[in-house]
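> with the input below, show me the fold.
(2 chains)
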Amino acid sequence: MSTESTYYVPEQSKMPLIAATGMGVMAYGAASWVLEGGTATIFLIGSLIMAGVLYKWWSIVIDENMRGLASPQLKHSYVLGMLWFIFSEVMFFACFFGALFYVRVLVNSWIGGEAAVGWFDDTPTDAAAANAQHLWPGYEAAWPPMITPDQAVNGDAAQFKGPDQNMSFPGWDRILHWLPLWNTLVLLTSSVTVHIAHTGLKDGDRKKFNTWLGITVALGIFFLFLQVEEYIEAYQHMGLTLESGIYGTTFFMLTGFHGMHVTLGTVMLLIQWLRGLKGHFTHDDQFGFEAASWYWHFVDVVWVGLFLFVYVLA
Amino acid sequence: MAHGPATLADGWGKYLSRWLFTTNHKDIGTLYLWFSFAMFIMGGAFAMVIRAELFQPGMQLIKPEFFNQMTTMHGLVMVFGAIMPAFVGLANWMIPMMIGAPDMALPRMNNLSFWILPFAFAILTSTLFMEGGGPNFGWTFYAPLSTTYAPDTVNYFIFGVHIMGASSIMGSINIIATVMNMRAPGMTYMKMPMFVWTWVITAFLLVAVMPVLAGAVTMMLMDINFGTSFFDAAGGGDPVLFQHIFWFFGHPEVYIIILPAFGVVSHIIPTFSRKPLFGYSSMVYATAAIAFLSFVVWAHHMFTVGMPIAGELYFMYATMLIAVPTGVKVFNWITTMYRGSLTFETPMLFSIAFVILFTFGGFTGMMLSIAAADMQYHDTYFVVAHFHYVMVAGAVFSGTAAVYYWLPKWCGKMYDETMGKVQFWIAFIGFNITFMPQHFLGLAGMPRRYADYGLQFADWNMVSSIGAFMYGGAQILFLFNVIRTIGWGEPTKDPKVWEGAEGLEWTLPTPAPYHTFAKPPKIK
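Residues are numbered from 1 along each chain as shown, chains lettered A, B, ... in the order given. Next comes the predicted model:
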């Protein structure tokens, strides 16, 4: 409930309209880019507009805050805004995790002619049996599927070919060569370092804040570097691509979207680090940093889910 | 502090920049409402094309390919362009005034949420003029129709949906932040007006499911352009996966459309019954229950797709549960009217029609929820009739009622009551002539989304088309009445406007000043 005696209503602003224009141009540009023979020009123009307006808009908000125009109530609105934005991001990932579970548990069995959930009754349904006899004979349900149903039927003429190798746990003897484990360690560590930076800010210890936030940003960049390494390895040596059936699809889409969110989170933290160097934030006014760190913890939690369901339990 | 609004007297430049750069919830509400009406006319024009073609069997006016684009665009424009923005417009206007807030919590983001929409719908409708034509796969855009067999323009559709979803998410976050953070002192949650309650629950649904829709169109984009196999069994995916994801978004979406409508009639019926709303807290809990159930019933749209029998049974029973909280609402509205001193102004007429016709549409929904019976009804005109009873007589009627109810408060002038009543009766009769026969057509086996039909369906189709033109005509009268009111309506200064109206918004002067509640009011 409101506790304010008065309320700050901002003046008119040109920012929203320019941002909407940027988004419109980006959307149109992206659609024409993916078409055959399309170019990225319009999309890049839109992105430039968007980048410019975001920089300007946030500068204005930060400036308002520094001048003391932002009331505690408005600040609380920003907090709520960020939390619900993160909730919407959770639902976005839930969509892709849901797709993974559905495909793994149900579809994979059905195409292979098995009953999906065999606790009550392990007789395949008629549809599953028909799958195995007529549609995809020879396909055996397995996760990760190294041979796609397409391959099982059409052999080398198949459009979707399974990977040569997958990203699953390689066994205890090769565990130290398993990149995802290192990725997990890097990201979990970064969640701790960002928390240490936060305590530094709360204690008014700027040096501690700058150091540990800098380390966090570095860890974020290191994570992204490892992720790129993993993708290169997958494409060049493992035959694992976006096109290698549902395993490649879910693997790259889940880790790819996570990687994009890590990139975004790293940029957010980097900006907060630069702001920290400029002397922004006090021990009781640090929402920009806090919002970025919540976002960072969120991408961390998503990674734990990924590590479990994409890498370990495969 | 912010200055007063620029009018035309200040010159075109200032007047235009007022609307383009505004951070005022009333201005943005007005923008949303006019935009949604424009989309309503456009989506209505598509519907008229459909009904004109179906007036007689055989192909007369358009090609089947174009017919498919019309059914698709009609659905998309009406759901995302007309109904949803209309209620966001009402929310912008009314929520701050109802909870004693000076504006929305995040006024600049509010402006951004609106201005994305014209871009999104420009991108979407521009596909109609491109090579290959617009989206032609139905508003539910099932894979593989929307992937393997889609026209190239589907990419414009995908990115249009993306930014439209961003707009919805930002708008909803704004509403949630406003309601959680901006209520006047003393305005506890259980004192909030029903419209505010229904909207905050709607906003929660939007934040939860719009990202899922974004995920669905992203998967389409990847399947079409980058060789993934989400919806292709050859690669190990499944086209039915699309339907699960779509309806996990789509079922909450239908409550996103109807819950604010519930809120509107929960204000209008008490006003014209001159009694407080019966069972306020049960209304709140029923709304929350409907919202919860909306997440766990999605596959009742997919009974014929081939689910395990346990799935069919679960989704059938879960769906039937929704009738319980919905019934609570309907009985509360009726009980509110019981022994009230009723008068039948235009908003009340639309609201009573809402209760009757929405309940009717709810009952056909119950029929459809019976998995075994649905094998017969699925994808027939029975379904079309069902959801138009809840979308048109539900959402659109209540939106119309809301405009008549609040218009005097907004502009300080009364609409023409006779014209409003004439519009109501034409709309009410036209609507029923259009959609009642479609139940019969569906039960007789006429499938939906086809450009042509067997001769045995000819009579009722002709009747249905005549009704559709009537209903379309009523909207012209609506537009005329609103413009006439704003320009030349009889001025009123009464803060309450309606004798039986209760609530903070009616304590404000009429017309509502540009800035209200700079200091929060005290709520007892």
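
> which other residues reach stretch A:123-138?
Defining contact as CB atoms under 8 Å, 6 or more residues apart in numbering or on different chains, one finds that stretch A:123-138 is touched by A:109-116, A:139, A:149, A:152-153, B:233, B:306, B:308. Just so you know, the C-beta spots here come from the backbone N, C-alpha and C atoms, and that holds for glycine as well.

> need the buried ones from those selected in ChimeraX.
Here is the ChimeraX command that picks out the buried ones among the contacts of stretch A:123-138, judged by 16 or more other CB atoms under 10 Å in any protein chain shown:
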select /A:109,110,111,112,113,114,115,116,139,149,152 /B:233,308
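
> least confident of the contacts of stretch A:123-138?
Going through these one by one, the lowest pLDDT turns up at residue A:116, 76.

> and the two most separated of the contacts of stretch A:123-138?
Spanning the widest gap among the contacts of stretch A:123-138 are A:153 and B:308, at 24.7 Å by CB to CB.

> show the pLDDT at residue A:7.
According to the prediction, residue A:7 has pLDDT 59.

> ugh, typo on my part, it should be residue B:34
Here, the pLDDT recorded for residue B:34 equals 98.

> likewise residue A:176?
If you check residue A:176, the pLDDT there is 88.

> stretch A:301-314 vs chain B: in contact?
No - Stretch A:301-314 lies out of reach of chain B by CB under 8 Å from any CB of the partner chain, never closer than 13.1 Å.

> tell me which residues in that stretch are buried?
The neighbour-count check on stretch A:301-314 (16+ other CB under 10 Å) flags A:302-303, A:306-307, A:309-311 as buried.

> what is the nearest of the residues you listed to chain B?
residue A:302 (13.1 Å; CB to the nearest CB).

> enumerate every residue touching residue 194.
Here I'm looking at chain A. Contact criterion CB under 8 Å, 6+ apart gives A:212-213, A:216, A:269, A:293, A:296-297 as the residues in contact with residue A:194.

> right idea, wrong chain: chain B
Applying CB under 8 Å, 6+ apart, the residues contacting residue B:194 are B:262-263, B:266-267, B:277, B:280, B:283-284.

> in helices, which of those residues appear?
With helices taken from DSSP state H, the overlap with these comprises B:262-263, B:266-267, B:280, B:283-284.

> closest to chain A among these?
Within the set of those, residue B:284 lies nearest chain A; the separation is 17.4 Å, counting by CB to the nearest CB.

> what are the phi and psi angles of residue B:274?
Reported as degrees, to the nearest 10, the phi and psi values for residue B:274 are phi 60, psi 40.

> ok, the spatially closest residue to residue A:61 that is not a sequence neighbour to residue B:100 distance?
Sequence neighbours aside, residue A:70 is the residue nearest to residue A:61 in space, at 7.9 Å (criterion: CB to CB, 6 or more residues apart in numbering or on different chains). Relative to residue B:100, residue A:70 is positioned 21 Å away (criterion: CB to CB, to the nearest Å).

> so for these two, which sits in the more crowded spot?
Set side by side, residue A:70 and residue B:100 show unequal neighbour counts under other CB atoms under 10 Å in any protein chain shown, the larger going to residue B:100 at 25 against 18.

> I'd say the more buried one and residue B:520 touch.
Yes - counting by CB atoms under 8 Å, residue B:100 does reach residue B:520; the two are 5.4 Å apart.

> where does the stretch 1-150 of chain B have low pLDDT?
Across the stretch 1-150 of chain B, the stretches falling below the confidence threshold (pLDDT under 70) are B:1-4.

> the strands in it, which residues?
Using DSSP state E, counting those that start in this stretch, the stretch 1-150 of chain B contains no strands.

> residues from it in reach of chain A?
For the stretch 1-150 of chain B, the residues found near chain A under the criterion CB under 8 Å from any CB are B:1-2, B:17-18, B:20-24, B:100-103, B:105-109, B:111-112, B:115-116, B:118-120, B:122-123.

> restricted to buried residues, select the residues you listed in ChimeraX.
Applying 16+ other CB under 10 Å to the residues of the stretch 1-150 of chain B next to chain A, the buried members can be selected in ChimeraX as follows:
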select /B:2,17,18,21,22,23,24,100,101,102,103,105,106,107,108,109,111,112,115,116,118,119,120,123
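
> let's have the ones in helices among the contacts of residue B:194 in CSV, adding neighbour count and pLDDT.
Compiled in CSV, the ones in helices among the contacts of residue B:194 are given as follows (neighbours: other CB atoms under 10 Å in any protein chain shown; pLDDT from 0 to 100):
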residue, neighbour count, pLDDT
B:262, 28, 98
B:263, 27, 98
B:266, 25, 98
B:267, 24, 98
B:280, 18, 97
B:283, 23, 97
B:284, 17, 98
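
> can you list these in a markdown table and add distance to residue B:415?
Shown next, in a markdown table, are the ones in helices among the contacts of residue B:194 (distance: CB to CB, whole Å):
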| residue | distance to residue B:415 |
| --- | --- |
| B:262 | 24 |
| B:263 | 21 |
| B:266 | 22 |
| B:267 | 17 |
| B:280 | 29 |
| B:283 | 28 |
| B:284 | 31 |
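
> just give me the neighbour total for residue A:141.
Every residue meeting other CB under 10 Å relative to residue A:141 is counted, giving 19.

> am I right that it is in contact with residue A:111?
Yes - checked against CB under 8 Å, the pair residue A:141 and residue A:111 is within contact range at 6.9 Å.

> which ones among the contacts of residue A:194 are found in helices?
Counted as lying in helices by DSSP H, out of these, are A:212-213, A:216, A:269, A:293, A:296-297.

> pull the most distant pair out of the ones in helices among the contacts of residue B:194.
The largest distance within these, taken as CB to CB, falls between B:267 and B:284 and amounts to 14.1 Å.

> I figured residue A:244 hits residue A:160, correct?
Yes - with contacts counted by CB under 8 Å, residue A:244 reaches residue A:160, the gap being 7.0 Å.

> now for the two: what residues contact both?
The contact sets of residue A:244 and residue A:160 overlap at residue A:148 (CB under 8 Å, 6+ apart).

> neighbour-wise, which of those two wins?
For residue A:244 against residue A:160, the residue with the higher neighbour count under other CB under 10 Å is residue A:244, and the figures read 30 against 25.

> which parts of the stretch 401-524 of chain B are helices?
Taking DSSP state H, counting those that start in this stretch as the criterion, the stretch 401-524 of chain B carries its helices at B:417-443, B:458-488.

> identify whichever of the ones you listed lies nearest to residue A:94.
helix B:417-443 (34.8 Å).

> so which elements touch that closest one?
Using 3 or more CB pairs under 8 Å, 6 or more residues apart in numbering or on different chains; DSSP states H and E as the contact definition, the elements that helix B:417-443 packs against are helix B:346-369, helix B:371-377, helix B:381-390, helix B:397-411, helix B:458-488.
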